[in-house]
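Student: Predicted model, plus sequence, below.
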Amino acid sequence: MGILKEKDRGKLINVFKGIEKDVKIVMFTQEMECPHCEMTRAMLEEISGLSDKLSLEVHDFVAEAGLAKKHGVDKIPATVLLGDKDYGIRFYGVPAGYEFNVLIEDIIDVGKRNPALSKEVMAELDKVDRPVHMQVLISPT
């Protein structure tokens, strides 16, 4: 039995039909997986199997430290979403609960290569002239 409920799998298959371009999901774990790494990997395996536009690569954080560093990953479990480029989207920990919806929305956005932001917002973002590091921390409480 998988992590996703059958009705949720059906909904996701439907939603993922809107994905136009390939999305690579890159997950970092370790050989001796902690429960959170194991759960994240199982979830991502299920999700990536719901569309031919999704692929999953699982890497060992310790054995492939150079690759983890290249992706800016410094803790596990880590999930990286890639399209034609690296959009800087990272999830640390299990993307469950509220984070699950954000993960799915981010997969769809990367698959469409369109952030669906207004022209005004895009114009303001074009004014950013140096790298910006943003982190969003989420707690169920």
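Tutor: Everything's here; your move.
Student: what helix or strand is the residue nearest the centre of the chain on?
Tutor: The structure's the chain has its C-alpha centroid closest to Leu81; by Cα atoms, centre = their mean the separation is 4.2 Å. Per DSSP states H and E, Leu81 falls inside strand 78-82.
Student: for that strand, packing partners?
Tutor: Secondary-structure packing of strand 78-82 (3 or more Cβ pairs under 8 Å, 6 or more residues apart in numbering; DSSP states H and E): strand 23-29, strand 86-92, helix 98-112. C-betas here are computed from N, CA, C, even on glycine.
Student: so what's the closest residue to the residue nearest to the centre of the chain other than its chain neighbours scoring on pLDDT?
Tutor: In this structure, Leu81 finds its nearest non-sequential neighbour in Ile89, 4.3 Å apart by Cβ to Cβ, 6 or more residues apart in numbering. pLDDT for Ile89: 93.
Student: What separation do you get for Ile89 and Glu120?
Tutor: 23 Å (Cβ to Cβ, to the nearest Å).
Student: who touches the residue nearest to the centre of the chain in this structure?
Tutor: Contacts for Leu81 were tallied using Cβ atoms under 8 Å, 6 or more residues apart in numbering; they are 23-26, 87, 89, 106-107, 110.
Student: now the residues you listed as a markdown table including distance to Lys7 and neighbour count?
Tutor: As requested, the contacts of Leu81 are exported to a markdown table (distance: Cβ to Cβ, whole Å; neighbours: other Cβ atoms under 10 Å):
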| residue | distance to Lys7 | neighbour count |
| --- | --- | --- |
| Val23 | 23 | 24 |
| Lys24 | 27 | 15 |
| Ile25 | 22 | 21 |
| Val26 | 28 | 21 |
| Tyr87 | 30 | 15 |
| Ile89 | 27 | 16 |
| Asp106 | 22 | 17 |
| Ile107 | 19 | 24 |
| Val110 | 25 | 24 |
